[in-house]
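Q: next comes the sequence, and after it the predicted model I'd like to discuss.
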Amino acid sequence: MLREAAEIEIEWGISRSPFGNAFIASSPKGIVQLSFFETNETESYQQLMHAWPKAKLNRNDRLVGELSRQIFQSGTSEKPKIAPQGTEFQLQVWKALLNIPRGKTATYSQIAKLIGKPKASRAVGNATGKNPIAFLIPCHRVIRTDGSLGGFRWGTNCKAKILGSELA
């Protein structure tokens, strides 16, 4: 979905997660942002404002607490809907990431081949790094060809924690 011209209401808030503080923002269509932070949510909030400049942003920690339980508690059968916003290429990459099974990893070049663009590993890496919905769009499952973790927008320690939890 590309940036919508009409004003939309987005509820956002902060919650604890197994991987640190989580900033979660949701529109009527689904979660539009899930990011992690250590001490200050300002950067996450600024990213939300930049991505949705015409949106009416309302803080709603009660809703975000419920979404957080749905996202992070194992045993929760229904995960919330997601509504990522990006270019067609980014959306294609993020959709491919949804096919990486829990506890498994894929390389940037494997994702590039999967989407029919075998020479676009670097572009896949860029799109993966711009994923606005951490954890639910599992960019943490993408690693380098040499098997190393590679980068992660919210830090490699967070990435290692998430991957470790999936293997447990």
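A: Received the coordinates, thanks.
Q: R122 is in what secondary structure piece?
A: In the assignment (DSSP states H and E), R122 maps to helix 121-129.
Q: which parts of that helix are buried?
A: Buried residues in helix 121-129, counting neighbours by 16 or more other C-beta atoms under 10 Å, are found at S121, A123, V124, G125, A127, T128. (Glycine included, C-beta is placed from N, CA and C.)
Q: then stretch 70-88?
A: I71, F72, P80, I82, A83, P84, Q85, G86.
Q: which ones among the residues you listed map onto strands?
A: With DSSP state E as the criterion, strands contain none of the buried residues of stretch 70-88.
Q: just give me the closest of those to Q92.
A: G86 (9.3 Å; C-beta to C-beta).
Q: list the residues that contact that closest one.
A: The neighbourhood of G86, defined by C-beta atoms under 8 Å, 6 or more residues apart in numbering, consists of L2, W94, A127, K130, P132.
Q: just put these in JSON lines and tack on distance to T156 and pLDDT.
A: Shown next, in JSON lines, are the contacts of G86 (distance: C-beta to C-beta, whole Å; pLDDT from 0 to 100):
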{"residue": "L2", "distance to T156": "31", "pLDDT": "41"}
{"residue": "W94", "distance to T156": "20", "pLDDT": "98"}
{"residue": "A127", "distance to T156": "19", "pLDDT": "97"}
{"residue": "K130", "distance to T156": "17", "pLDDT": "95"}
{"residue": "P132", "distance to T156": "19", "pLDDT": "96"}
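Q: return the member of these nearest to Q47.
A: If you rank these by distance to Q47 using C-beta to C-beta, P132 comes first, at 7.5 Å.
Q: from the contacts of G86, which single one is nearest S17?
A: Nearest to S17 among the contacts of G86, with distances taken as C-beta to C-beta, is P132, at 16.1 Å.
Q: could you measure from the nearest residue to the closest one once chain neighbours are set aside over to K54?
A: Take P132 and drop its neighbours on the chain: the residue closest to it by C-beta to C-beta, 6 or more residues apart in numbering is Q33, 4.9 Å away. As judged by C-beta to C-beta, to the nearest Å, Q33 and K54 stand 15 Å apart.
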